[in-house]
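Chemist: Give me a model of this one.
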Amino acid sequence: MSSRSRQFLNFAVTFVSVMLCVLILPTRFPGMELLGISPNWLLIWVVAWSIKRKRTVWGAASMGLVLGFLQDAMTAPHPTHAVSLVTVGVLTVVLLKSWSIPADIVERDPIPIALIVFGMAVVAETVMGLQFLAMGDRALLEIWSDHQRVALCSAILSSLWAPVIYFPLNRLWEMTRKLEKS
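Modeler: Below you'll find the model as predicted:
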């Protein structure tokens, strides 16, 4: 397989998987919603990409920025989702490098993925809450009470659905890596 074909295949897998996450972002299937909150599909994708692709901090930040702007284009742009997804991507890369979690444990067990996504969802919603606070149009008590509900529901649902996104992506990225080596 030529270098150009490998690059196109890698780009196609990344692009199609991002577009699928973007397309299912506004859907509300039965069982996918808790107190009006649905899973944060793009957060799950950023965490999966940051874990599997072993990118740099800059790569994770740029991917979080792009996906955050995509999510802003589909929802209200204020506060921006880009800041929270950049934070999630960077923290995921930094934590994986500092903890040096063996890749085989993450690849075959859904529990570490779910735990990482749970923590990152809470971080992302906290960053959103801080942006609401900085905007100054809502009281701290109102933000805090909404934050608790939104962060917990988002973290629970996103962590439960994380293996549904991570394991097919992991499989696709493994297949593209094998094709790159051949």
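Chemist: I'd like the average pLDDT over stretch 65-75.
Modeler: For stretch 65-75, mean pLDDT rounds to 90.
Chemist: quick one: least confident helix or strand in the protein?
Modeler: Between all helices and strands in the chain, the lowest mean by mean pLDDT, DSSP states H and E belongs to helix 103-108, at a mean of 70.
Chemist: Pull out the buried residues from the helix or strand following it.
Modeler: Remark: after helix 103-108, the chain's next helix or strand is helix 110-135, criterion DSSP states H and E. When burial is assessed from 16 or more other CB atoms under 10 Å, helix 110-135 yields the following buried residues: 112-114, 116-125, 127-129, 131-133. Where C-beta positions appear, they are placed from N, C-alpha and C, glycine not excepted.
Chemist: From the contact counts, what lies against helix 110-135?
Modeler: helix 41-52, helix 82-99, helix 103-108, helix 140-181 (3 or more CB pairs under 8 Å, 6 or more residues apart in numbering; DSSP states H and E).
Chemist: Can you check what angle separates the last one from helix 41-52?
Modeler: Helix 140-181 runs at 50 degrees relative to helix 41-52, counting by axes from the mean of the first three to the mean of the last three CA atoms, to 10 degrees.
Chemist: Likewise for the second one?
Modeler: In this structure, helix 82-99 runs at an angle of 30 degrees to helix 41-52, with the same axes, to 10 degrees as the basis.
Chemist: Packing partners of helix 82-99?
Modeler: helix 41-52, helix 57-74, helix 110-135.
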